[in-house]
Structures are given as structure tokens and as C-alpha cells.
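Peer 1: structure of the sequence below:
(4 chains, ligands or ions: 2)
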Amino acid sequence: MPINAAYEDIPGTVVFDMDRARQGYHLNMFCMTLMKPENRVAFKANEAEYLKQFPMTEAQAKAILSRDWNAMINLGGNIYFTGKLAATDGLSFQQVAAKMSANSQEEYLQMMLAGGRSVEGNRSKSEWKNRG
Amino acid sequence: MPINAAYEDIPGTVVFDMDRARQGYHLNMFCMTLMKPENRVAFKANEAEYLKQFPMTEAQAKAILSRDWNAMINLGGNIYFTGKLAATDGLSFQQVAAKMSANSQEEYLQMMLAGGRSVEGNRSKSEWKNRG
Amino acid sequence: MAKIVAGVGTSHVPAIGAALDNGRTGEPYWKPVFAGYEKSKEWIAKLKPDVCIAVYNDHASAFSLEMFPTFGVGAGEEYPIADEGWGPRPVPPVKGHPDLAWHIIQSVVQDDFDLCICNKMAVDHGLSVPLSVMFGQPSEWPCPIIPVIVNVVVYPVPTGKRCYMLGKAIRKAVESFDKDLKVVIFGTGGMSHQLAGQRAGLINKEFDNRFLDNLVHDPAANLDITHLEYLREAGAEAIELVMWQVMRGALDDEVNEIHRFYHVPASNTAVGHIILENKKS
Amino acid sequence: MAKIVAGVGTSHVPAIGAALDNGRTGEPYWKPVFAGYEKSKEWIAKLKPDVCIAVYNDHASAFSLEMFPTFGVGAGEEYPIADEGWGPRPVPPVKGHPDLAWHIIQSVVQDDFDLCICNKMAVDHGLSVPLSVMFGQPSEWPCPIIPVIVNVVVYPVPTGKRCYMLGKAIRKAVESFDKDLKVVIFGTGGMSHQLAGQRAGLINKEFDNRFLDNLVHDPAANLDITHLEYLREAGAEAIELVMWQVMRGALDDEVNEIHRFYHVPASNTAVGHIILENKKS
Ligand SMILES: [Fe+3]
Ligand SMILES: [Fe+3]
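Peer 2: Numbers count the residues shown, from 1 in each chain, chains lettered A, B, ... in the order given. Ligands and ions are numbered 1, 2, ... in the order given. Okay, here's the model as predicted:
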């Protein structure tokens, strides 16, 4: 939607707008069920089977099963929902953020200790053009 | 609350404000459960037992069990919630309104056919002072 | 560009739905009620709106004391019919229009209306009865519906003025949608009635007809009606008329009255109905 | 008359709660974070507020895509601690203050804020972490809390300006409450951070410190920050700072800065914290 077009220029960032909320509805609602311990157990016991309760796309299910955290976000997942999956796996938000944005946990930890990722060079997709 | 004091002057009328919403919380939440057919069956099978799930007052439970519709409203019930109980009993909103405000169903039906209860004489409690 | 071309005001008395569902429309009690909507059914069948926005209140069906929003907009694909205690009405589920609904939400929230986004909710007689009187008994509703819900149950409820301004914001949102859509907006509920207490059965024809007259010729005059005045003058449930203000706010200042119908009683209620069209520009 | 005497701004990073719950506050990584709140704990223990109003966002715990309100006010007696996937935090449930909460709802809805009334909801780290950093680890929280929830998760989210105006409306409501109560308002979330995507870990100290400076001396200057600017300049989750605007809106134009603390990092986040007192009148 035109109303949000400007957000699209921010690199490496997905804004959870109407398109994402619609696309990710079932993926995110699956994550909500992990707020109950018995559901976490059931999911862990047979992940693929558990996911069949939710009419999500194959790509979304695959992203969940393979814990491809960026793919989940790109397919309409929102971090506060997928954070429930991370918690189910015993992962912190920092560990997931590292998986999404750094080569290693250690690299990410060091970057944060050094003051975090600078906004310089990270404002616009035009600044990322020459990245791999 | 002062903000609502003016409503209190309207005779034979209970405004579902904060005080009623708090007072009637469990009574009304009981009514919400009657939106499921299996709950309607369970309630009808043993009404007193079913009500024990809800921490309402004895007076509220008694009003429900005796179908004292005005008492339910005076104890914090709201008509859209208690309407679910009426539906469970097979009663229409009109039948319940008649029970609350008229001597008989026939009298209420005739009053409505004749154009309803007039607002004249029914605006203020001061106008009802001389009623029984 | 999408455009709101007309507004429909109508009561949403559950007994009207029951009369239809139970085949009692020909009975002397109900015949005059349904006769009042004959012209309306023809009008809307001819107009063929692409989408209807239906402003109604949830009667403690999708919402309860756990949570009650002041304003909500339905952005879902489909809404099931609520079971209000007598089983769901035997009418088709309501299909939404998520594209336009989300666009409205985007626009209206940025205009400082604090909506609740509603994707999953059962819709009750407040929505289904207006569809029935306008569209009859089809196997599916002829167009997608965007539910707009307003709290008129748990006080505090919004003012008539706020509802009118919401209508204006919805209109602005619709007009900035980038597809050609002919939209009709429904304001539902009312008119004078009171369902509970010793004053149940209250009807005020003068109040109702003044409200209808103002709606056509001087909508601003209705905005000054306080909650207290609705309740005192026209019965506790007359507060539902604030939802007609949303509809009226979404139309031009000047409108043509296409149809009007007023009848007492249907169950406990004064049935009011009006169709207003924006003047062609 | 009740009165809002002070405002607290603080990040609500879940890892801070986890560090406390797991007894890791003495570790080199966490020590400076908790040191920043030492003065705050003394301050609030001495102030002894009767009620705290805590503005926070639900992180898809009490709300989901089924329903997401823009603004909600908790009117319940008690709120359980949410299980966000790792079991509920081992902290006491939050007791509400229904009298004042309902009074605020009454007043603020009549001032055209379209609140969702929330009686039953689990509260997540957004609320519990601010309580932990300010009150430590008591067996029960020292005062009742009124949760005010703001949608900063599902776009569209409210503007900073709208949030600031909500703060003003809350202040007006509190000041019309007929009991003497000393009230502190918390604005939580932020500061710069981004949790997801390839840009995760973004921090912008200049942005954060300008925001803090403005908060003290020129709150109006913060109101012009657009959603786009929060996101681009300070990370996707910096949008949470709109909740500090609710807090600031509820205070006097002129305030005294009692305490300020800024530290990078806690997990993915720039921890910001400020205490502002209204000047005694
Ligand atoms: Fe209604
Ligand atoms: Fe947060």
C-alpha cells in the first residue's frame, strides 16, 4: 500500500504491516499456541504433525521446521510471535537476532558490546546496494 | 460516580456503567458460556451445580435460578448477557421485557401494539414517586 | 477511486431476523415491517454496491467483559454467524473485504481514531438482521461486508459527535483507496426502545422522527443529543442511534432522501429505516 | 484529588527480567544495567506512590492477530503474568486499581479516545520488567498498577502526538478523581533497537540522547518524529518510544529531571531510563 511504501526503503527491516499480518496470520497464530506448556511439549514431540493444524503455506512450515528465522519474518512472521518459538527452543531474543543478522553469536555479541550496529550506512537500501 | 449520576434519575432503568460491569462480572460471564449448545445442555441438566463454576454472589445465583430478570439487572446483569439465558429458556427479548415491566405478556403485547410505553410521565424518578 | 454513494439507516431487531428465519413474514404482525423494506431491496439490487460497510454493535457476542473495544474494524476474510443462545441464524457467513478494510484501518488510525483491529469474530443479529432486510434470503450475501463495531453496551460509550467524526474519517479513507468501488454504508440499531427494567417498552415517536428529519436536513442538530437525552427520552437502547451518526458522517452534507419507513412495534422496538444518497457530482 | 506527581521512562528488555530472575545481576555484563536503577529504587521507595499507571505494549501475549486494540486500559482486579514461551516470570501477579482505572476510562473515552476496556489479560515483560527494575524482587508489588496498553506491533500504530494527547487526557482524568492519590506514570519500551532481520542490533545513541534531552526540555520537539524516522533512525522496535510520549503528556510542561541513565547494550537494546518530577506547585 502506498501509505507504507516509504518503509520499504529501510534495508534489512520488515515492517509488520497489513500485508505481513495477512500473509503471516496462521504462522503467527501457531506461535501463539506455544504460550501453553502442553502445546510446547506436543509441538516438540512431532513438529511437522503439530503444524498441520494451521493452514499455513508449505514455505512457512518449512521455515519453521528449519528454524530459518529470516524466512519466517519474510513470510509474514512477526518477531514477538516467532519469539515464542525461540523461547520454546530455549533461545533468547539476542540469539535469534544474531542468527538473523550476523555470522556468529560471538560476532553479534561483540558488535553489541561495542555499541551496536551503527545507523550510518544502514538507513536506506541504496546504501546496501553494494553488499553481497 | 459523579460522571453518571444523572442517569440514576431515569426511572425503571439501569445503565450498565462501571459499577454494574464490576458487580455483574461473573453473572454476565456465566451467560456468555451459554453461547455454546453443550453448555446450555449442561446448565439445564443441573443449574445450581453449573453456576458453582462462577464466583458470583448468592443473590445473583438465586436471581438466575429463579429467573428473576429484574433482580439480575439490578445485581449487575446486562440484558445482552442475560438475553443468552433467556434464549436458553426459549424466551424472546419481548417475553423477558414483559416479565420485567408488565403484569402479563398480553398486557405488554397490547401496550406495544398501541405504540409502546409513552415517555410522558416516565422521564424522571420524581414522576414515579406516586407509583406503588 | 472508491466512493461511498449512499447510506442506509436501519434497526436491527433480532425478532425481525427470527420472523424471517421462521417463515412468519406474512403474518399480520410482521407483514407491515417487511413491506417497509420492499422498496429498499429493489433499490439495493439495482444499485449493486461492490462493498458494504456495516456499522453495528456487538451485543456481547464476539466481545465480553473480558475485553470491550470502543471502535473496531473487521479486517478478516470471513465471519461466522454467532450463536446468541438459540443457535446461529440460518444465514450465510459474512465475507469481508480485507483490502479495503485494512486500508480504512491504516487511514483512520493515522487520523487519531484508536481502532481495535478485528480479524476473527462471530457477528450477531446487529449485523445479520440489516443484511436480511436489505438482501432477503440469498444463499450467499451479494457483496463483501466490512463490519465496523461500536461499543454501545458497556459504559462509557462514544459520543454521537465522535461517531460522526469516525464516519468522516472512514469516508476519507474510502476515497483514497486506489480501486473503483461503489460503497454503501449501513448505520444500524435503534430507534427508540428499552429492553430491560420496569420502563421496558418505551417508545418515543416524536424523538425518532425528529432524529430522522435532522438526519436528512440538519445532521449537525443530532450531534448535540447527549447520552442522557437518548436514554431518558428514547429508552436505554436508543443509544444505538449513535451508530447512525457514523453512517451520516460518511455522506455528503447534502443528501437526497430515497426512502423512509417508520413502524411501531417490532418486538420491543420502534423500527426506523432510511436511505440517503449523495447527490451526484 | 488524585495527582500525577512524576513520570518514569524505562526500557523493558526481557533479558533484564531474565537476568534478575536467574540471579545474574552481579555479572559484569549486567552489573552496570542494574546499577543504573539503584537511585531509582531509592527514589520510588521514598516517594511511595499510591498507584502507578504503566504504559506498555503487549508483545502478542494478551492480544493476537485475532484482535489487536490501539489503546487499552486495564480495569481488572488482578492480572496474571504471561507465559511467553519460557514459563511465566517468577514475579507476583499485578494488582489493579479498578476504581481509578474505570474513572480514567470514563473520562478518557468521553474525551474522544477510543479505548478498549480490558478486564482480563495476562501481562508480559513489557509491564513486569519495569516493575522489577523499579521495585526489585518483593513478594508482592508495593502498589496497585493500572496497565495502559498501546499497539506498537501491528501497523498501523498510533502517532507519537496521539500518544502524547492520551497522556494529557489521562492526567485530566486522574485530577478529577475524588480521592487523594499520589500517582506515578511509567512510559516503557525503547530506546533504539531492532530485533529482527539483517539490520538487527541497530543502536543510535545520538537519536536516543536527543530524545531524552527533548523529553526534559522540549517535549513538543519529540512529537514530530514520524514512524518512518523512528524505524529508519533507531530501529524497528524504537517505535516503542511513542509510549514514553504518553508518560510525558501526563506531566507538566516544565519538569525537574531527577535521574537519567543510558547504557548499551542489554541484549539487543539501548537501555534508557529517566525520572521526571512535576515542579511542586
Ligand atoms: Fe442492538
Ligand atoms: Fe518491547
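Peer 1: helices along the stretch 1-150 of chain C, start to end?
Peer 2: C:14-21, C:31-35, C:38-47, C:98-110, C:125-135 (DSSP state H, counting those that start in this stretch).
Peer 1: elements contacting the second one?
Peer 2: In this case it means helix C:31-35. helix C:14-21, strand C:255-266 (3 or more Cβ pairs under 8 Å, 6 or more residues apart in numbering or on different chains; DSSP states H and E). C-betas here are computed from N, CA, C, even on glycine.
Peer 1: for the closest residue to chain B within the stretch 1-150 of chain C, which non-adjacent residue is closest in space?
Peer 2: Closest residue of the stretch 1-150 of chain C to chain B, Cβ to the nearest Cβ: residue C:85 (2.7 Å). Residue nearest to residue C:85 in three dimensions, not counting chain neighbours: residue B:87, with 2.7 Å by Cβ to Cβ, 6 or more residues apart in numbering or on different chains.
Peer 1: hmm, back to that, which of the helices of the stretch 1-150 of chain C sits closest to residue A:10?
Peer 2: helix C:98-110 (17.9 Å; Cβ to Cβ).
Peer 1: kindly export that closest one (C-alpha atoms) in CSV.
Peer 2: The C-alpha trace of helix C:98-110 is given here as CSV (Å, rounded to 0.1, in the frame of the first residue of the first chain):
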residue,chain,number,x,y,z
PRO,C,98,-9.7,-7.3,3.8
ASP,C,99,-8.1,-5.0,1.2
LEU,C,100,-10.4,-2.1,1.8
ALA,C,101,-10.8,-2.9,5.5
TRP,C,102,-7.1,-2.7,6.2
HIS,C,103,-6.8,0.4,4.1
ILE,C,104,-9.6,2.0,6.2
ILE,C,105,-7.8,0.9,9.4
GLN,C,106,-4.5,2.4,8.1
SER,C,107,-6.0,5.7,7.3
VAL,C,108,-8.4,6.1,10.2
VAL,C,109,-5.8,5.2,12.9
GLN,C,110,-3.5,7.8,11.4
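Peer 1: so where's chain A shaky on pLDDT?
Peer 2: A:1-4, A:132 (pLDDT under 70).
Peer 1: helix, strand, or coil at the residue nearest to residue C:85?
Peer 2: Under DSSP: H, G, I helix; E, B strand; the rest coil, residue B:87 falls in the helix class.
Peer 1: the closest residue to residue C:116 other than its chain neighbours pairs with what?
Peer 2: Distances taken as Cβ to Cβ, 6+ apart place residue C:69 nearest to residue C:116, at 3.5 Å, with adjacent residues excluded. Beta-bridge pairing of residue C:69, defined through DSSP bridges, involves residue D:116.
Peer 1: pretty sure residue C:69 contacts residue C:153?
Peer 2: No: if you go by Cβ atoms under 8 Å, residue C:69 and residue C:153 don't touch, sitting 11.1 Å apart.
Peer 1: can you report how many residues neighbour residue 84?
Peer 2: In the absence of a named chain, this looks at chain A. Residue A:84: 25 surrounding residues under other Cβ atoms under 10 Å in any protein chain shown.
Peer 1: was after chain C, sorry
Peer 2: So residue C:84, with other Cβ under 10 Å, has 24 neighbours.
Peer 1: who's in contact with it?
Peer 2: B:35, B:83-84, B:87, C:14, C:59, C:61, C:124-125 (Cβ atoms under 8 Å, 6 or more residues apart in numbering or on different chains).
Peer 1: number of nearby residues for whatever residue of chain A ends up closest to chain C?
Peer 2: Here chain A gets closest to chain C at one residue, residue A:18, 3.8 Å apart by Cβ to the nearest Cβ. Residue A:18 has 22 neighbours, counted by other Cβ under 10 Å.
Peer 1: show me the contacts for the residue positioned nearest the centre of chain C.
Peer 2: Nearest to the mean C-alpha position of chain C, by Cα atoms, centre = their mean, lies residue C:188 at 2.4 Å. Applying Cβ under 8 Å, 6+ apart to residue C:188 gives the contacts C:9-12, C:54-57, C:126-127, C:129-130, C:240, C:243-244.
Peer 1: inside strands: which ones of the residues you listed?
Peer 2: Counting by DSSP state E, these place C:9-10, C:54-56 in strands.
Peer 1: who has more neighbours out of residue C:69 and residue C:153?
Peer 2: A count of neighbours by other Cβ under 10 Å puts residue C:69 above the other of residue C:69 and residue C:153, at 29 against 23.
Peer 1: residue C:115 versus the more buried one, what's the distance?
Peer 2: Distance of residue C:69 to residue C:115, given as Cβ to Cβ, to the nearest Å: 8 Å.
Peer 1: hey, what's in contact with both of the two?
Peer 2: In contact with both residue C:69 and residue C:115: D:69, D:114, using Cβ under 8 Å, 6+ apart.
Peer 1: off-centre distance for stretch C:257-272?
Peer 2: 14 Å (Cα atoms, centre = their mean, to the nearest Å).
Peer 1: same question, stretch C:204-214
Peer 2: The answer for stretch C:204-214 is 17 Å, by Cα atoms, centre = their mean.
Peer 1: could you confirm whether that stretch reaches chain B?
Peer 2: Yes: applying Cβ under 8 Å from any Cβ of the partner chain, one finds stretch C:204-214 touching chain B at C:204-205, C:207.
Peer 1: from those, pick the one nearest chain B.
Peer 2: Out of the residues of stretch C:204-214 next to chain B, the member with the shortest distance to chain B (by Cβ to the nearest Cβ) is residue C:204, at 4.6 Å.
Peer 1: so which bits of chain C are right by chain A?
Peer 2: Counting by Cβ under 8 Å from any Cβ, chain C sits next to chain A at C:75, C:98, C:102-103, C:105-107, C:110, C:119, C:178.
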